[in-house]
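J.: Sequence and computational prediction follow.
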Amino acid sequence: MDKNEVLIEAKNLVKRYDDFTAVAGINFQVRKGESFGFLGPNGAGKSTTMRIIAATLTRTSGEMTILGKDPEKFGPEIKAHLGVVPQADNLDQALTVEENLYIYGRYFGLSKKFIKPKIEELLDFAQLADKRTVKVDALSGGMKRRLTIA
């Protein structure tokens, strides 16, 4: 497989907090088109590894590349290509589906000109076009999750 197809790669990734080792030398690759997940008990280092990938936490040692770039050197550039779906959604319940997408776009500094067509694309992607004017508090749990992903 061509090296350009590797989107995320960790080599001997380690994260320590004083005497505690949260991530102990893991290795993995995620290639274009793959679905990848971390499974393990509490305290196994899953969230710590994801924070390193998301460029919000520095590693102690080892190598990490996202889209061929080191997250410690290219954090903002990498973050612009990542989407994070938190365990608990942070949607504004009083706003509509469309309004939530708009507010998040503006929060991330996107222009109004860019956001308008992007909202249409995301509504279609999340299969929520028919719910665009519905307030979030009236959505089912699955619909809220799809909106959070969008």
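T.: Thanks, I have the structure now. Numbering: from 1, shown residues only.
J.: and the end-to-end length of stretch 115-135?
T.: One end of stretch 115-135 to the other measures 19 Å (C-alpha to C-alpha, to the nearest Å).
J.: just how off-centre is the lowest-mean-pLDDT helix or strand in the chain within its chain?
T.: Ranked by mean pLDDT, DSSP states H and E, the weakest helix or strand in the chain is helix 75-79, scoring a mean of 85. With C-alpha atoms, centre = their mean, to the nearest Å as the basis, helix 75-79 stands 11 Å off its chain's centre.
J.: Just list what the next helix or strand after that helix packs against, helices and strands only.
T.: Following helix 75-79 in sequence order, the next helix or strand is helix 97-107 (DSSP states H and E). Contacts defined by 3 or more C-beta pairs under 8 Å, 6 or more residues apart in numbering; DSSP states H and E place helix 97-107 against helix 112-125, helix 141-149. All C-beta spots, glycine's among them, are computed from the backbone N, C-alpha and C.
J.: Present those helices as CSV; the columns should include distance to residue 64, mean pLDDT and mean neighbour count.
T.: Shown next, in CSV, are the helices and strands packed on helix 97-107 (distance: least, C-beta to C-beta, whole Å; pLDDT from 0 to 100; neighbours: other C-beta atoms under 10 Å):
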stretch, distance to residue 64, mean pLDDT, mean neighbour count
helix 112-125, 28, 92, 14
helix 141-149, 24, 91, 16
